[in-house]
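Student: Just need the structure, nothing else, for what follows:
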Amino acid sequence: MGLTTFTNLDFFNKNSTFKMGKLIFLVFFSFLSSTSIMNAQDKERIEMFSFEQLSQNSTTKSVLPNYLKPENIIPLITELKPSIKMEGGVFTIQGEKPVKAYLDIRSLKSPIPRNVVFDNVELVVINIENQSDLFSQINLDNLSGFTKLKYIQIVCRVDCNQNQISNALISSLKNYVIIYSVEKQS
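Tutor: Numbering: from 1, shown residues only. The predicted model follows:
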């Protein structure tokens, strides 16, 4: 009888361990699933359009959201405007009340603090100069120092596509409109 009780207790402990292992697996799987769903939702919040979509004929423009006005964005991108150039976190100002900022990848490694000089910046241009830049994480949350920022232009100087750019972007704070273009240097 004592042997039977021990066997039942032993069976109960094995069964309990098995149930605990299943529970740990389910908790881990649920965490992993929710994390990937949250990341997918973050990716969905980032709207991305090619520069060609904005500047092409009316059929391409007709698929753009109503609030996106190419006539406001194109001049901001193509015309010479007062701007800020930031390399490695150090910035220089060109003109008064800059509305455009040019940043390198190193400048985005940490949050850019708010500065009165940044108050009118609506467009940030980020250049991807090489493949390693393309595989860096571009944390758009670090742009919170630009309080009026609406548009981010990603310019690939290497061969890249929309999916690669999208995978490099991280954002949880704001919903910016991303405009990308590929301008390979010869």
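Student: residues touching Leu54, list them.
Tutor: Residues near Leu54 by C-beta atoms under 8 Å, 6 or more residues apart in numbering: 61, 64, 68, 70, 73-74, 179. Just so you know, the C-beta spots here come from the backbone N, C-alpha and C atoms, and that holds for glycine as well.
Student: is it true that Pro113 lies in a helix?
Tutor: No: counting by DSSP: H, G, I helix; E, B strand; the rest coil, one finds Pro113 to be coil, located in no helix.
Student: Over to it: give its phi and psi.
Tutor: Torsion angles at Pro113 (phi, psi; degrees, to the nearest 10) stand at phi -70, psi 150.
Student: Which residue is the nearest non-sequential neighbour of it?
Tutor: Excluding the flanking residues, the one nearest Pro113 by C-beta to C-beta, 6 or more residues apart in numbering is Gly145, at 5.1 Å.
Student: and that neighbour, what element?
Tutor: Gly145 belongs to no helix or strand when assigned by DSSP states H and E.
Student: Glu52 too?
Tutor: Judged by DSSP H and E, Glu52 forms part of helix 51-55.
Student: What residues sit buried inside that helix?
Tutor: Counting neighbours by 16 or more other C-beta atoms under 10 Å, one finds that the buried residues in helix 51-55 are 51, 53-55.
Student: Let's see if you can find the most crowded of the contacts of Leu54.
Tutor: Neighbour counts for the contacts of Leu54, by other C-beta atoms under 10 Å, peak at Ile179, which reaches 27 neighbours.
Student: And the strands in the chain, which stretches?
Tutor: Assigned by DSSP state E, the strands in the chain fall at 47-50, 83-87, 90-94, 100-103, 123-128, 138-139, 151-156, 169-170, 177-182.
Student: Pick out the shakiest of those strands, pLDDT-wise.
Tutor: Among these, strand 47-50 has the lowest mean pLDDT, at a mean of 86.
Student: C-alpha coordinates for that strand, PDB please?
Tutor: Extracted C-alpha coordinates of strand 47-50, given in PDB (Å, rounded to 0.1, in the frame of the first residue of the first chain):
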ATOM      1  CA  GLU A  47       2.800  55.400 -43.500                       C
ATOM      2  CA  MET A  48       5.300  55.200 -46.300                       C
ATOM      3  CA  PHE A  49       5.100  56.600 -49.800                       C
ATOM      4  CA  SER A  50       7.700  56.800 -52.600                       C
END
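Student: For that strand, buried residues please.
Tutor: Neighbour-count burial for strand 47-50, counted by 16+ other C-beta under 10 Å, picks out 48-50.
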